[in-house]
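**Q** Quick one, fold the following:
(chains A and B)
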Number of protein chains: 2
Amino acid sequence: MSLAGLRIVLVEPAGPINLGAIARVMKNFGLHNLVLVNPQCDPLSAEALKMAVHAKEILESAVVVATLPEALHGCVRAIATTGRVRSWEILLENPRTALPWLVEEPEKPAALIFGREDRGLSNEELNYAQRFVFIPTSQNYLSLNLATAVAICCYELSQSVEQRQTQTLPQTELASLDVVETYYQQLESLLLKIGYLYPHTAASRMEKFRQLYNRVGLQTGEVAMLRGILRQVEWALKSQRDSENL
Amino acid sequence: MSLAGLRIVLVEPAGPINLGAIARVMKNFGLHNLVLVNPQCDPLSAEALKMAVHAKEILESAVVVATLPEALHGCVRAIATTGRVRSWEILLENPRTALPWLVEEPEKPAALIFGREDRGLSNEELNYAQRFVFIPTSQNYLSLNLATAVAICCYELSQSVEQRQTQTLPQTELASLDVVETYYQQLESLLLKIGYLYPHTAASRMEKFRQLYNRVGLQTGEVAMLRGILRQVEWALKSQRDSENL
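**A** As a prediction, this is how the structure comes out:
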């Protein structure tokens, strides 16, 4: 499954910086099809191309049309985004709830529609969509930048398409419990020797260390490092004792 | 619960357009505290203010500091973002997995750290964070615009806070990063003294310890315990030295 068939439709975008940023974030999340309805700025202006960085080809291949129905030609699913609560009755959905539906049939064209920077989509334009997404924002400042709204939707779509695994790089090798246990024994022995632990409370204090290191999931190299320190402390103590006894 | 206490920390940002867009999206999602580490552009330039639209006050109240540790002063939790896979062993997490942890103790300062537009954060800078977020992007174009990355993280944080309203959280009291840093300094100093570390390799060896302890999320009592051991080792070494000199 991929997002390659999805169209990002922008109605009368006016900011070349936004267009460039949108092209970039589309490519970041594996989208390619940008459709501009009656754009109010040049998608190939220097500002737009600069913001697109390595996604200039998305601006170059953007399809320019005169009306929203043309932009939706052939689409089976369309979601419109809106930045404000409307007086009429439409169900505003969270991106996470609604957007996965858009790519349920990835072999068929689908569209995600964004309105003008200053006043969004008209009610008539909204009516071309089947569902409506509202990105929840603070009451103190509701209105998202257009490119930011596109970015959040592209990110949500990519998350819904690929529930990617958390990456661990490279593979970590957990230390064997025997080795960790030997470390605990050596630590306890040293701490008793230097007077940090007392015999009658050693066990309960050592539990704190066990909890700490068990929580971290010690790796083989890390236990070796910790044991190396103990050896070096022992050595430092011993060499002083030896010189003392000469 | 809110995101109001969270700091967005930008290390050496160079693009005024990005700064403006970041201020706007922060206000959109209820964040206010912007900290700039050695910024390479003027956060109050015309371009930045224009992009901020109704969030100019966030640029005006941004705190400018010289170093990352200053930016993290008083913080208990810090997450760093990275746009590339690193050679060394760190666990890269998805924003959705990792970011909610950042606001588990909303009354305590926490920081979300973003690197330079062109080359992100250095390994040394990454080591000031306890967890690491990687926003999964397409292999064809991995690198997100800085403002886009901030927007996605702010959005995820706001989503996690909304969901959290109903949940209860386990109480843990994480140690402040300042205290942990003091422990690292004391540890390094002792390890140099006993000959476990050599001056020319100390920094790289210490990185391993930082990684280990950052991973565990040290609690206040645990740092006190670890520092107690250092003091006792110092004391044991000193008392032998003293008796030697009698």
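**Q** Phi, psi for residue A:174 please.
**A** Residue A:174 adopts backbone torsions of phi -70, psi 140, taken as degrees, to the nearest 10.
**Q** what does residue A:179 give?
**A** Dihedral pair for residue A:179: phi -70, psi -40, per degrees, to the nearest 10.
**Q** hang on, residue A:242 in a helix?
**A** Yes - in this structure, residue A:242 lies within a helix as judged by DSSP: H, G, I helix; E, B strand; the rest coil.
**Q** helices and strands of chain A: which one has the lowest mean pLDDT?
**A** When the helices and strands of chain A are compared on mean pLDDT, DSSP states H and E, strand A:167-169 comes out lowest with a mean of 38.
**Q** Check whether residue A:117 really touches residue A:15, as I assumed.
**A** Yes - at 5.7 Å, residue A:117 counts as touching residue A:15 under the criterion of CB atoms under 8 Å. C-beta coordinates here come from the backbone N, C-alpha and C atoms, glycine included.
**Q** Mutual contacts of the two, please.
**A** By CB atoms under 8 Å, 6 or more residues apart in numbering or on different chains, residue A:117 and residue A:15 have these common neighbours: residue A:146.
**Q** Tell me the confidence at residue A:4?
**A** Each residue has a pLDDT score; the one for residue A:4 is 84.
**Q** Give me the phi and psi for residue A:11.
**A** With angles defined as degrees, to the nearest 10, residue A:11 shows backbone torsions of phi -90, psi 120.
**Q** Would you enumerate the residues in contact with it?
**A** Counting by CB under 8 Å, 6+ apart, residue A:11 touches A:37-38, A:68, A:71, A:113-116, A:121, A:125.
**Q** Those in strands, which ones?
**A** Members of the contacts of residue A:11 lying in strands (criterion: DSSP state E): A:37, A:113-114.
**Q** Most neighbours among the residues you listed, which one is it?
**A** Ranked by neighbour count under the definition other CB atoms under 10 Å in any protein chain shown, the ones in strands among the contacts of residue A:11 are headed by residue A:113 with 27 neighbours.
**Q** Phi first, then psi, for the nearest residue to residue A:108 once chain neighbours are set aside.
**A** Spatial nearest neighbour of residue A:108, excluding adjacent residues (CB to CB, 6 or more residues apart in numbering or on different chains): residue A:76 at 4.4 Å. Dihedral angles of residue A:76 (phi, psi; degrees, to the nearest 10) stand at phi -100, psi -30.
**Q** okay, now residue A:139: neighbour count?
**A** By other CB under 10 Å, the residues close to residue A:139 number 6.
**Q** Check the gap between it and residue A:205 for me.
**A** Counting by CB to CB, to the nearest Å, the gap between residue A:139 and residue A:205 amounts to 51 Å.
**Q** Just give me the residue right at the centre of chain A.
**A** When chain A is reduced to its mean C-alpha position, the nearest residue by CA atoms, centre = their mean turns out to be residue A:155, at 7.1 Å.
**Q** Could you check whichever strand or helix holds that residue against chain B for contacts?
**A** Under the assignment given by DSSP states H and E, the secondary-structure element containing residue A:155 is helix A:146-161. Yes - Helix A:146-161 is in contact with chain B by CB under 8 Å from any CB of the partner chain, via A:147-148, A:151-152, A:155, A:158-159.
**Q** got it, and stretch A:213-232?
**A** Yes - applying CB under 8 Å from any CB, one finds stretch A:213-232 touching chain B at A:213, A:215-219, A:221-222, A:225, A:228-229, A:232.
**Q** For ChimeraX, write the select line for the buried members of those residues.
**A** Those of the residues of stretch A:213-232 next to chain B that count as buried under 16 or more other CB atoms under 10 Å in any protein chain shown are selected in ChimeraX with:
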select /A:213,216,218,219,222,225,229,232
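**Q** Mind checking which of the residues of stretch A:213-232 next to chain B land in helices?
**A** A:213, A:215-216, A:221-222, A:225, A:228-229, A:232 (DSSP state H).
**Q** Might you quantify the distance of stretch A:113-128 from its chain's geometric centre?
**A** Computed by CA atoms, centre = their mean, to the nearest Å, the separation of stretch A:113-128 from the middle of its chain amounts to 27 Å.
**Q** my guess is residue A:153 contacts residue A:94, does it?
**A** No - between residue A:153 and residue A:94 there is no contact under CB under 8 Å: 11.2 Å.
**Q** And these two? Which one has more around it.
**A** residue A:153 (26 against 14).
**Q** For stretch A:36-47, buried residues please.
**A** Taking 16+ other CB under 10 Å as the neighbour-count basis, stretch A:36-47 is seen to contain the buried residues A:36-37, A:39, A:41, A:43, A:47.
**Q** Just put these in a markdown table and tack on distance to chain B.
**A** Below are these laid out as a markdown table (distance: CB to the nearest CB, whole Å):
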| residue | distance to chain B |
| --- | --- |
| A:36 | 20 |
| A:37 | 23 |
| A:39 | 20 |
| A:41 | 15 |
| A:43 | 17 |
| A:47 | 9 |
